[in-house]
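Enquirer: only geometry, no sequence info:
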């Protein structure tokens with residue numbers, strides 16, 4: 001079983017930035033397709049961004065394109081979600097997720113096997 005440990009959430013004013021981090025307890029981030037999802041109060045969990053294993057092709061939902069960047073640091077075995085120009089509608093619990101090794105990217109929750117515990121992001125006006 002792989003555990004994903006997240007950190008970096010918090011309270012930020014609109015227009016500000018935050019960086020979320022995610023580290024797996026086993027394996028290397030370069031061998032997993034990693035993703036971030038978010039769930040706002042009263043809403044379903046939704047896809048935010050994904051980073052494919054190996055070459056690191058990235059995918060984003062339209063709502064965050066140009067503002068969020070998913071990346072990884074192989075030396076630290078950590079995946080990041082850099083969030084800039086934050087808006088109040090970005091307020092949500094953010095979850096790191098991983099597919100089993102060497103799987104393709106996907107925006108679907110059901111395709112991810114491992115999940116973090118979630119970290120809260122609140123954007124104030």
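Expert: Now that the structure is in, tell me what you want to look at. Quantities reported herein were computed from a predicted structural model and do not represent experimental measurements. Numbering: from 1, shown residues only.
Enquirer: contacts only, for residue 6.
Expert: Residue 6 is in contact with 20-22, 94-96, 116-119, counting by CB atoms under 8 Å, 6 or more residues apart in numbering. Glycine gets a C-beta too; all of them are placed from N, C-alpha and C.
Enquirer: cutoff 10 Å now
Expert: With contacts defined as CB atoms under 10 Å, 6 or more residues apart in numbering, the neighbours of residue 6 are 20-23, 36, 79, 81, 93-96, 115-119.
Enquirer: where's it, which helix or strand?
Expert: With elements taken from DSSP states H and E, the one containing residue 6 is strand 4-7.
Enquirer: following that strand, which helix or strand shows up next?
Expert: Moving toward the C-terminus from strand 4-7, the next helix or strand (DSSP H and E) is strand 10-13.
Enquirer: mind giving me the packing neighbours of the next helix or strand after that following strand?
Expert: With elements assigned by DSSP H and E, the helix or strand that comes after strand 10-13 is strand 18-24. Here strand 18-24 is seen to pack against strand 4-7, strand 10-13, strand 34-39, strand 68-73, strand 78-83, strand 92-98, strand 119-124 when contacts are counted using 3 or more CB pairs under 10 Å, 6 or more residues apart in numbering; DSSP states H and E.
Enquirer: 8 Å - rerun?
Expert: Applying 3 or more CB pairs under 8 Å, 6 or more residues apart in numbering; DSSP states H and E, one finds that strand 18-24 contacts strand 4-7, strand 34-39, strand 78-83, strand 92-98, strand 119-124.
Enquirer: output those strands as JSON lines; include the columns distance to residue 57 and mean pLDDT.
Expert: Output for the helices and strands packed on strand 18-24, formatted as JSON lines (distance: least, CB to CB, whole Å; pLDDT from 0 to 100):
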{"stretch": "strand 4-7", "distance to residue 57": "20", "mean pLDDT": "95"}
{"stretch": "strand 34-39", "distance to residue 57": "12", "mean pLDDT": "97"}
{"stretch": "strand 78-83", "distance to residue 57": "14", "mean pLDDT": "98"}
{"stretch": "strand 92-98", "distance to residue 57": "16", "mean pLDDT": "97"}
{"stretch": "strand 119-124", "distance to residue 57": "25", "mean pLDDT": "98"}
